[in-house]
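Asker: next come a sequence and a model predicted from it.
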Amino acid sequence: MPAPNTDTSALTAVDGFAALLTDEGRRLLEELRDHDPARELAVATRLRRDHPAELVSAALGQARLRQRAVAKFGTEDAYRMYFTPNGVEQATRASVATYRARRFADLGVRRLADLCCGIGGDAIALARAGVSVLAVDRDPLTCAVARANAAALGLSDLIEVRCADVTEVDVSGYDAVFVDPARRGGRGRIFDPEAYSPPLSWAVETARTAPHAALKIAPGVPHEAIPEDAEAEWISDGGDVKEAVLWFGTTPGTRRATLLPAGTTLTGTGLPDPAVRPVGRHLYEPDGAVIRAHLVADVAAEVSGGLIDETIAYITSDELHPTPYASVYEITDVLPFNLKKLKALVRERGIGVAVIKKRGSAVEPEELRKKLKLEGVNSCVIVLTRVAGAPTMLLGQPVRA
């Protein structure tokens, strides 16, 4: 892994960022808090009459990043924090970071080394949970931003930011290690764990040296790549799978799906795959974290259901068993896929609003929506899938919890 970046361009970027931390820079950012990006040229022209052009450009860039960051950090924190473009893109969502920090705190962790800390999103959550953090990154600008964020949120006493190569940091003496390797390169997302920076194998060996550790990895990691001495947890937030985490020093071999914001957790019990059965009155769509964790069988057992197809992660049951781990639909129609028949049905029933889902179907929902030409005051859910290997369309209504 390369040494900390100290080239001239990096140092210039740090100097440019430092200007935002001056009184003038802060006033500019406050003035730009609610600015309209569509009016940016006019705003820039006006501000340059009273401020250096470089500072105005930096402030406008930071204002745009803060607006993007609201989705991950919330309004209150986003408009106090500082960001880089990569930092906004790669930072952990605050809800996920808060959940993970709580897990560390519950394990008794009080001192933690956060390796590849980025702009400090996880370090902030850990500090707020009462954990003292050594936050390490090799990029000078990223470190400057992380340091500024700790100060802006009043957490400098708990967060030490160090610009260094994480592979050269001594983590002995810490209760835990957290590693968030870079999973993007010049060509986009990296799928090979050994191509992470640093590689997953290095992160695993480092994790094994600490009493507790967590390694953030891509949700699509093959299960066979998970070390036997690790617990694997898949986390979704609002129904979207956000990440997978390998935990060390907890329960080796465990597979877990955690659903935020509720924080409900499903732990695997090693059940065999459910049997395939005909579509019943109810269809259960497991949360993505449940599917990634290979825990569909556990949900099927909970709802007394079976699969509609051995290769499709839809569960069916005649009885209604509300569960936090799956969305539920009451099925009214089970038909072989036929576009002409479907168009006639939605026209006959006055369907003007349809949620179209697909799993195991080659049909694209938006293309189908155009062909259906929906009109009317009623609504339905249309599921395009396979039932016992045959292309099928299911119609129904969501069951509200």
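Answerer: That came through, no problem.
Asker: so how far is A42 from the residue of the chain most remote from its centre?
Answerer: Farthest-out residue of the chain from its mean C-alpha position, per CA atoms, centre = their mean: R49, at 41.6 Å. The gap separating R49 from A42 is 12 Å, by CB to CB, to the nearest Å. Every C-beta, even on glycine, is put in place using the N, C-alpha and C of the backbone.
Asker: now swap in T392 and tell me
Answerer: Separation of T392 from A42 (CB to CB) stands at 55 Å.
Asker: so which of the two has more stuff around it?
Answerer: T392 (21 against 10; other CB atoms under 10 Å).
Asker: hang on, that one packs against L335?
Answerer: Yes: between T392 and L335 there is a contact at 6.9 Å, judged by CB atoms under 8 Å.
Asker: which residues do the two both contact?
Answerer: Residues within reach of T392 and of L335 at once, by CB atoms under 8 Å, 6 or more residues apart in numbering: there are none.
Asker: how far does the host helix or strand of V70 sit from the chain's center?
Answerer: Here V70, judged by DSSP states H and E, is contained in helix 53-78. Remark: helix 53-78 is offset 20 Å from the chain centroid, using CA atoms, centre = their mean, to the nearest Å.
Asker: show the secondary-structure elements that it is packed against.
Answerer: helix 8-20, helix 23-31, helix 40-47, helix 85-90, helix 94-106, helix 121-128 (3 or more CB pairs under 8 Å, 6 or more residues apart in numbering; DSSP states H and E).
Asker: please redo it, this time with the cut-off set to 10 Å
Answerer: helix 8-20, helix 23-31, helix 40-47, helix 85-90, helix 94-106, helix 121-128, helix 140-152 (3 or more CB pairs under 10 Å, 6 or more residues apart in numbering; DSSP states H and E).
Asker: got the buried residues for that helix?
Answerer: 55-56, 58-67, 69, 72-73, 77-78 (16 or more other CB atoms under 10 Å).
Asker: one more: stretch 323-335?
Answerer: Those would be T323, Y325, A326, S327, V328, Y329, I331, V334, for stretch 323-335 by 16+ other CB under 10 Å.
Asker: now swap in stretch 202-212 and tell me
Answerer: W202, A203, V204, T206, A207, A210, H212.
Asker: check contacts around the residue positioned nearest the centre of the chain.
Answerer: Among the residues of the chain, K242 comes closest to the average C-alpha position under CA atoms, centre = their mean, at 2.2 Å. The neighbours of K242, taking CB atoms under 10 Å, 6 or more residues apart in numbering as the test, are T92, R93, S95, V96, K216, P219, W234, I235, S236, L260, G288, A289.
Asker: just give me the closest of those to A362.
Answerer: G288 (20.8 Å; CB to CB).
Asker: pretty sure that closest one sits against A313.
Answerer: Yes: using CB atoms under 10 Å, G288 is in contact with A313, at 9.4 Å.
Asker: higher neighbour count, these two?
Answerer: Per other CB under 10 Å, whichever of G288 and A313 has more neighbours is A313, with 21 against 18.
Asker: for the helix or strand containing D114, packing partners?
Answerer: If you go by DSSP H and E, D114 is part of strand 111-115. For strand 111-115, the contact count by 3+ CB pairs under 10 Å, 6+ apart identifies helix 94-106, helix 121-128, strand 132-137, strand 159-163, strand 176-179, helix 200-207, strand 212-217 as packing neighbours.
Asker: give the pairing partners of the last one; include direction for each.
Answerer: The one in question is strand 212-217. According to DSSP bridges, strand 212-217 has the following sheet partners: strand 176-179 (parallel), strand 240-248 (antiparallel).
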